Structure formats: structure tokens, C-alpha cells
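Trainee: Predicted model follows, preceded by the sequence.
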Amino acid sequence: MIRKNRMIKIFVSLLVLLQLLAFQTSESPEKWLKFPDNEKFKSEWRKVEALEKKGLPKSAIKIVEQIYEAAKKTNNHAQIAKALVYRSKFISQTEEEAFPKIIGQIEDEIDESKFPLKQILHSYAASYYWAYFSNNQWRINQRRVIPGFQSDDISDWDKMDFRNKMLEQMYLSLENADSLKMVRVSDFEDIVSKGTQPKNLRPGLYDFLAHRAIQYFGISKNISPVLSDDQFLADKKFFAPAKKFAKSEFLVYDSASHHFKILKLYQQILSFRLKQENIPALIDVDLARLDYVFINSTFDKKDSLYLDALKIIQEKYSGNNYVAEVIFREAEYYSDKTKYYNALDSTTFIFKEYAKTAEGLFADIIENFSESHTAEKSLYKLENLRKKELKMNLEKGVIPGQSFPCRIEYKNIDELFYRILKIDTTDYFNLIVENRGRNLIEKLINKSELAREKEMGFDFNKDLNKHSIEFLLKGL
């Protein structure tokens with residue numbers, strides 16, 4: 001039962017992963033390709049959803065099969081894909097060891113399918129190979145990798161077989177890239193989950209499949225790391241402006257490099273976006289590229305290169321509202337670095353003003369881009385920066401009558417009022433056995449007597465950083 005539940009959870013995740021991000025766009029190629037309408041299938045899908053809510057997967061799958069057959073007759077790719085997703089999910093709920101069967105069905109469907117369903121299913125298949133590997137990783141990792149060994153039975157595969165198959169499927173999902181760029185996501189709305197991101201970011205099927213491939217190339221690194229990957233990214237050219245980066249030649253130390261595969265894809269997406277008028281989509285993918293390089297680069301000056309790259313984008317597209325997201329990245333950089341500041345360590349003083357810098361940038365976004373989703377994110381970040389924090393550390397045991405050390409860590413607080421209470425040992429243990437949470441605290445206070453109280457002031461310079469103070473408390 002535990003294993004079956006794990007499979008169901010994975011299939012639910014796969015359903016979400018398959019759903020395309022619903023980014024509508026007024027920016028389009030000269031001519032979008034047209035696909036059949038999905039309206040007439042809605043009543044049947046409502047029946048499926050009703051049966052699913054009642055916990056009747058075997059009944060639901062019968063209707064799914066009817067939808068599948070009708071969609072095949074009208075060549076409705078969106079409905080075929082949706083039917084396959086639901087069929088796979090219901091099989092996983094009703095059959096043991098369902099993965100091989102589901103994967104086999106998807107592979108058979110790929111053989112029969114044409115553009116663009118074939119590309120979608122290749123991406124879908126990669127999800128299932130990864131899911132099977134994840135669900136059986138403990139067993140697969142014990143198998144010895146045998147060069148040249150081939151088997152059609154995935155139960156015999158080693159980790160490299162799964163890695164290679166997943167990468168192969170992702171590459172195949174991007175075949176006919178020029179045609180994929182002419183397919184609107186909105187034509188596949190029945191397998192689309194509307195996101196919270198701004199419009200126009202990933203309007204076409206190519207955008208989705210390419211970003212999804214990047215995601216899975218990253219996952220494949222966890223299956224089989226490449227030792228030379230860190231060396232590959234030790235170069236400042238990966239932080240170059242989009243146009244220059246898109247034309248760069250990469251020196252490859254190892255053809256299996258995950259970083260190489262991912263950055264080549266970023267090059268291809270950027271080359272496409274640089275030719276379009278959709279500036280938000282261009283900024284979005286360029287930020288994704290810079291974030292990836294910054295996180296993974298081993299170059300010693302990557303921080304300054306990252307910030308310089310963000311400044312270039314801000315200046316180039318200052319008239320576009322999506323530049324707010326670029327400013328947000330800069331603010332987030334400074335905000336994340338505040339954790340390295342220590343008021344007692346002079347080597348960290350470089351980070352002292354980072355919190356204030358981040359505060360100013362977040363505030364600018366809220367003021368100048370108030371209607372944007374980025375402003376909402378900035379408000380949350382700003383509230384965290386300004387949030388009051390207090391933590392007191394005391395010795396677990398103290399000697400009666402002797403002074404004992406106390407350490408207080410605080411942020412955005414200028415004064416503290418504290419009380420020390422005393423309670424009978426028997427009363428204390430009785431209360432902690434019978435009570436929990438706030439109720440326990442209230443009863444402990446009511447049962448205690450005041451031993452000491454005091455008000456303390458702190459040096460409060462409003463720098464938004466964490467500070468600490470240590471002192472001795474008079475013995476009790």
C-alpha cells in the first residue's frame with residue numbers, strides 16, 4: 001500500500017509537470033498554426049472529474065478511453081494528450097507495477113503521432129522515465145554500469161540508461177523547433193494550468209518545451225555528475241549581454257557536460273527571442289540564464305559580473321515594465337547576502353549596508369511598478385527585512401546565587417522588557433505534563449512568582465541587520 005501511494009503521488013506530480021504554463025500573448029509569429037476546438041469535450045471531462053472525486057478510477061477510465069478514441073478520429077492533439085495523462089494516472093491507481101505499462105503505452109503513441117503531439121509526448125515520456133528512476137533509485141543505483149549492455153526491459157536498466165533515455169526524449173521533444181515556435185499554448189488550454197506570472201513570457205509550445213528540457217537536463221546531473229562541469233563555467237563570457245552570449249563559442253571539456261547542454265539551449269531560446277518584439281519574454285529567459293550561471297559558476301568575480309549584467313538589462317530596457325523583475329533580482333541578491341554580516345567580525349563589514357540597499361530597491365519596485373506581480377513579491381521581501389526578531393539564549397542550568405551569562409540576538413528592536421519568574425518544581429512538572437503551547441505558557445505564568453524585571457535599551461541604528469549582546473544576569 002505504501003508503494004502504491006508513492007506511485008499515485010508521483011503521477012499527480014507528473015500531471016502538474018505536464019501542464020503548460022498559461023502565458024497568453026499579443027506578440028505572435030506572423031502566422032500561428034491552427035488546431036481543432038476543444039469545446040465539445042468539456043461535458044465528458046466533467047463526468048471524468050465527478051467520478052474521480054467519488055474515488056471511482058475504473059469507471060472514470062472508461063470515459064477517458066471514449067474521449068481518447070473520439071480525439072483520435074478528429075486528430076485533436078490536445079485532447080489525446082489530456083486523455084493519456086488521465087489514463088496514466090488512473091492506471092497507476094488501479095494496477096500494481098504500473099510504470100512499465102504506462103511507459104510502453106506512451107512509446108506506442110509516440111510512434112503513431114505527428115507534430116506537435118509527438119514532441120509533447122517525448123517530453124511526457126521523459127517525465128515517466130525520471131519518475132520510474134526516482135521510485136526505484138535505491139535498487140537501480142546498486143546495479144553495476146556495464147558499457148555496451150542493452151535491454152528493452154527497463155527493469156534491467158542501470159542509472160546511465162535512464163539518464164541517457166531521459167536526455168534523448170528531451171532532445172526529441174525539440175525537433176522541428178521552427179514549427180513549434182508557431183504553436184500557441186492557448187490552443188492546448190485543456191492541458192494548461194494558468195500560472196501567476198505576467199503575460200507574454202512563454203507564449204508558444206517551443207518556449208515551454210525548451211524550458212522543460214533545461215529543467216530535466218539539470219535533473220540528469222543528479223543521476224550522473226560530470227567532474228569537468230565546474231571547470232566549464234569558470235569563464236566570465238557566460239555573463240555577457242544576451243546578444244553576445246547567444247553568439248558565443250563554448251570550449252567543451254566533456255561532451256557529457258550538463259552545463260554545456262543547458263547553456264546551448266539558453267543560446268537557442270535567446271537567439272529566437274532576440275528576433276521577436278516580445279521584450280518581457282526576452283528579459284525572462286535572459287534572467288533565467290544569468291541566474292543559472294551565477295548559481296553554478298566557479299568564477300571568482302561572478303558577483304560583480306552578475307550585478308553588471310543586471311544593470312545592462314535595466315538600462316537597455318528601462319522603458320519596459322518587466323524591468324521590475326531585473327531590479328527584483330538585484331534586490332534579492334543584496335537581501336540574500338545580509339546573512340553573511342556579523343557586527344563582531346570586521347571581515348564581514350562589506351555586507352553591512354546590503355540590507356538597506358535591498359530595502360531601497362524593493363521600495364522602488366513597489367512605488368514605480370505598483371500593479372505588478374513583482375511589486376507583490378517585493379512587499380513580502382520588504383516586510384521580512386523590516387520584521388522584528390528576538391532570541392534569548394541562557395544556560396540550561398545555573399548555580400543559585402551566582403551570576404550567569406545571557407545572550408540576546410535581535411533585529412529591528414531598540415528596547416526589551418523582561419521578567420524572570422520562579423515556580424515550584426512540582427508545579428512545573430505537573431503543568432508541562434498536562435498542557436501544551438500557549439495554554440502551557442499562560443498556566444506557568446499564573447502559577448509563578450515574580451523574581452526580577454528590567455527594561456533594557458539597545459543600540460538601534462536601523463540598519464536592518466541582526467545584532468547580539470552578551471551580559472551577566474545577577475544570581476537568583
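Mentor: Looks like it came in fine.
Trainee: Sketch out the low-pLDDT regions of the stretch 201-350 of the chain for me.
Mentor: By pLDDT under 70, the weakly predicted segments of the stretch 201-350 of the chain are 222-230, 252-255.
Trainee: what about 90?
Mentor: Within the stretch 201-350 of the chain, the set of residues satisfying pLDDT under 90 comprises 201-205, 207-208, 212, 215-237, 248-261, 276-277, 296-300, 343-344.
Trainee: mind listing the helices in it by residue range?
Mentor: 205-223, 229-232, 242-246, 258-274, 279-296, 302-316, 323-337 (DSSP state H, counting those that start in this stretch).
Trainee: How far off centre is stretch 296-304?
Mentor: 22 Å (Cα atoms, centre = their mean, to the nearest Å).
Trainee: For Y334, see how far away T357 is.
Mentor: 5 Å (Cβ to Cβ, to the nearest Å). Quick note: C-beta positions are derived from backbone N, CA and C, even for glycine.
Trainee: of these two, who's got more company?
Mentor: Y334 (21 against 17; other Cβ atoms under 10 Å).
Trainee: Please look at the more buried one and I350 and confirm they touch.
Mentor: No. Using Cβ atoms under 8 Å, Y334 is not in contact with I350, being 11.5 Å away.
Trainee: Next, show the common contact partners of the two.
Mentor: Overlap between the contact sets of Y334 and I350, as judged by Cβ atoms under 8 Å, 6 or more residues apart in numbering, is nil.
Trainee: re earlier: closest to K73 out of the helices of the stretch 201-350 of the chain?
Mentor: Across those, K73 has its closest neighbour in helix 205-223 (22.9 Å, Cβ to Cβ).
Trainee: Would you mind listing the buried residues in the closest one?
Mentor: 205-214, 216-217, 219-221, 223 (16 or more other Cβ atoms under 10 Å).
Trainee: Among the residues you listed, which one sits closest to A281?
Mentor: D207 (7.1 Å).
Trainee: List the contacts of that closest one.
Mentor: F23, V185, L201, I269, A281.
Trainee: Export those residues as JSON lines, with columns for neighbour count and distance to P147.
Mentor: As requested, the contacts of D207 are exported to JSON lines (neighbours: other Cβ atoms under 10 Å; distance: Cβ to Cβ, whole Å):
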{"residue": "F23", "neighbour count": "23", "distance to P147": "43"}
{"residue": "V185", "neighbour count": "21", "distance to P147": "41"}
{"residue": "L201", "neighbour count": "21", "distance to P147": "42"}
{"residue": "I269", "neighbour count": "25", "distance to P147": "34"}
{"residue": "A281", "neighbour count": "25", "distance to P147": "42"}
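Trainee: Between all of these, which two are at the greatest distance?
Mentor: Every pair of these checked by Cβ to Cβ; the farthest is V185 and I269, at 15.1 Å.
Trainee: where does the residue of the chain most remote from its centre land on pLDDT?
Mentor: Residue farthest from the centre of the chain, counting by Cα atoms, centre = their mean, is G401 at 54.0 Å. Note for G401: predicted pLDDT of 84.
Trainee: Checking it next. Helix, strand or coil?
Mentor: Under the three-state scheme (DSSP: H, G, I helix; E, B strand; the rest coil), G401 adopts coil.
Trainee: Dump the contacts of D207 to TSV, plus distance to L390.
Mentor: Shown next, in TSV, are the contacts of D207 (distance: Cβ to Cβ, whole Å):
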residue	distance to L390
F23	43
V185	48
L201	41
I269	47
A281	45
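Trainee: nearest to E453, of those?
Mentor: L201 (56.3 Å).
Trainee: Next one: that closest one from L287, what distance?
Mentor: On the measure of Cβ to Cβ, L201 and L287 end up 10 Å apart.
Trainee: do the same with D427
Mentor: 59 Å.
Trainee: tell me the centre residue of the chain?
Mentor: Short answer for the chain (Cα atoms, centre = their mean): Q215, at 9.7 Å.
Trainee: residues in contact with that one?
Mentor: With Cβ under 8 Å, 6+ apart, Q215 has no contacts at all.
Trainee: And for R87?
Mentor: Applying Cβ under 8 Å, 6+ apart, the residues near R87 are I61, V64, E65, Y68, Q105.
Trainee: now L209
Mentor: L209 neighbours (Cβ under 8 Å, 6+ apart): Q119, I120, S123, S173, L174, L180.
Trainee: At which residues are the strands of this protein located?
Mentor: 20-21, 192-193, 389-394, 404-411, 415-422, 449-457, 466-473 (DSSP state E).
Trainee: contacting residues around the last one?
Mentor: Put plainly, it is strand 466-473. 341, 343-344, 389, 394, 403-411, 420, 458-459.
Trainee: try 10 Å this time
Mentor: Outside of strand 466-473, the residues within contact range by Cβ atoms under 10 Å, 6 or more residues apart in numbering are 338-339, 341-344, 355, 389, 391, 393-395, 398, 402-413, 416, 418, 420, 452, 454, 456, 458-461.
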